[in-house]
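A.B. asks: the following comprises the amino acid sequence and a computationally predicted model.
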Amino acid sequence: MSINIDWAALTKMPYWLARPASELDKLRKGAVRFWQRFVDMLAFPAKQLDPMTAELEFVHLLAWERDIEQITSETELMYRTRVKYALPFAKGAGSKSGWLDMFKKLGMTWVGIDERISQTDWDVVDLQLLDSDFGNRQKLIDYICRQYGRTTRRYQYTTVAVMPLASPPNTFDNQHGYEVATVNTNLLPAKRFMTMDCEHSYHVAKIKQI
C-alpha cells in the first residue's frame, strides 16, 4: 500500500511569503516532515500484509502461513514473489496453463511443457527450459516440482540453448520470362479448331535481415 501526496502543491504559499530559507519556509518544511512520518506510521500496518513491501521478518511469517520455504541462494525478490503468489500457484498447479503462469511470474518467460511423450513412460512430464534459467534457478525449479508437482507424475528437464546466428548478405540471381500470344481471327481454319502452346515461369526471392 502506498500513499502519494504532493506535499509541494499542498503547502504552496503565496509568492510574497514563499521566500527561501525564511522562518515561515522553515516552519513549512518542518510540518511537511512531521506529516510525512505520520502518514508512514498509518500506512505501516497495511504494508506488512503485502509481501513485496513488508519487512522481511513479516515475510517469513507469511511464508510459514502459506507453506513456503526460503531456498538457499534465492534472491529476496524471488522469495517475496513466491510468498505473494503462493495461493494462485497452488490453485494452478494442476493445469499446464497454471504452471506456465507460475514460471512467468518467477521471471522465466520461455518454458515448454510436454506430457504423454512417445517412447517415454506415460507418467513423465518434460519441462523445457532455457539453459540460462536452469543454470541460475536449478534449486528453485527442483523445489517447484516437489511443492506443486502432481503426485503420480515424474518430471524431467530439457534445456534449450539460444545461439544467435548471423549471415553476411549474399548476391542472388533471378530470371523471369513473360510471353503473350495473340490470335488473328481472320486466319482461323474453317473448323475453328487449333492448338496453342505457352510457357510461363515465375520466381520470387526474399531477403530476411536479422
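C.D. replies: Arrived safely, thanks for sending. Predicted model, so just to flag it, every value in this text is computed and none were measured. Residues are numbered from 1 along each chain as shown.
A.B. asks: please count neighbours and contacts with C-alpha atoms only from this point.
C.D. replies: Noted.
A.B. asks: and the residue lying closest to Trp7 once chain neighbours are set aside, what helix or strand is that in?
C.D. replies: Excluding its sequence neighbours, the residue lying closest to Trp7 (C-alpha to C-alpha, 6 or more residues apart in numbering) is Val32, at 6.8 Å. Per DSSP states H and E: Val32 is located in helix 23-47.
A.B. asks: centre of the chain to whatever helix or strand comes next after that helix, how far?
C.D. replies: Counting by DSSP H and E, the next helix or strand C-terminal to helix 23-47 is helix 56-65. Computed by C-alpha atoms, centre = their mean, to the nearest Å, the separation of helix 56-65 from the middle of its chain amounts to 26 Å.
A.B. asks: residues of helix 56-65 that come out buried?
C.D. replies: Buried residues in helix 56-65, counting neighbours by 16 or more other C-alpha atoms under 10 Å, are found at Val59, His60, Leu62, Ala63.
A.B. asks: next one: stretch 67-83
C.D. replies: Neighbour-count burial for stretch 67-83 [16+ other C-alpha under 10 Å]: Ile68, Gln70, Met78, Tyr79, Arg80, Thr81, Arg82, Val83.
A.B. asks: do the same with stretch 147-161
C.D. replies: Within stretch 147-161, the residues that count as buried by 16+ other C-alpha under 10 Å are Gln147, Gly149, Val160.
A.B. asks: ok, Tyr157 - contacts?
C.D. replies: Counting by C-alpha atoms under 8 Å, 6 or more residues apart in numbering, Tyr157 makes contact with Asp126, Leu127, Gln128, Leu129.
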